[in-house]
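Enquirer: Prediction below, plus the sequence it came from.
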Amino acid sequence: MRRVFQTLAIVAAGVLAAGLFPLHGLEVRESGGAGRVLLLQRVSPGDTFALSFVHSVEKSDVTDHFRIDDGYRIILYETEFRSLNTGLPAVVSEGEVFERTGGGFRLSNRRQLLPEIRLQVTEAWGGTLSVKGREIFLPALAGDGPVTISVQRVFAWELLLWAFRT
């Protein structure tokens, strides 16, 4: 009986410790970062995600590709777009590669560090987040308004609670 109790105590301590162990999550928050959390997805170094939207001035599709680096920072590494006009990439920095594609243009080999992504989403201009095989239409989560996407330290129990919410 004592052995069973010890085993249960070890298992309970392990579960408790795992629940307090910090992880990292990609967080989408409404109201430009001040509102409620709309999405929480665990991320690890090397994970990627993409944001697609219609450029508000040029009315052309844009897709930005991001990855999580070893320091759990967001790195913009590629942008795909259809037009070369106002507000779209026109300058190639050292090491970047600019190429014409069948659907427009691609600027790759980028290394732009972003502490967070602030994005205005609307039904008209869209805003689709693609992460871990899921496509999330951000206006359906946030309505029309600003959202902030960032990587946050979270605990395993927070991710578990979030998984049960959705």
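Expert: Received it, and whenever you're ready, just let me know what you need.

Enquirer: Using the three-state scheme, assign Arg3.
Expert: Three-state assignment for Arg3 (DSSP: H, G, I helix; E, B strand; the rest coil): helix.

Enquirer: ok, so what distance separates the most centrally placed residue in the chain from Phe49?
Expert: Centroid-nearest residue in the chain, with CA atoms, centre = their mean: Leu26, separated by 5.0 Å. Look at Leu26 and Phe49: by CB to CB, to the nearest Å, they are 7 Å apart. Every residue, glycine included, has its C-beta placed from N, CA and C.

Enquirer: tell me the contacts of the residue nearest to the centre of the chain?
Expert: Residues in contact with Leu26 (CB atoms under 8 Å, 6 or more residues apart in numbering) are Leu39, Leu40, Gln41, Arg42, Val43, Asp47, Phe49, Ile68, Val131, Ile149, Ser150, Val151.

Enquirer: Which strands border the host helix or strand of it, and is each parallel or antiparallel?
Expert: For Leu26, the host element (DSSP states H and E) is strand 22-30. Using DSSP bridges, strand 22-30 pairs in its sheet with strand 37-42 (antiparallel), strand 145-155 (antiparallel).

Enquirer: Phi first, then psi, for Phe164.
Expert: The phi/psi pair for Phe164 (degrees, to the nearest 10) reads phi -80, psi -20.

Enquirer: That one - how many residues pack around it?
Expert: Burial of Phe164 is recorded as 6 neighbouring residues (other CB atoms under 10 Å).

Enquirer: now Gly145
Expert: Neighbours around Gly145, by other CB under 10 Å: 15.

Enquirer: Can you check my assumption that Ser93 lies in a helix?
Expert: No: going by three-state DSSP, the assignment for Ser93 is coil, not a helix.

Enquirer: how about it, what does it touch?
Expert: So Ser93 contacts Arg110 (CB under 8 Å, 6+ apart).

Enquirer: Many thanks, I have nothing further to ask.
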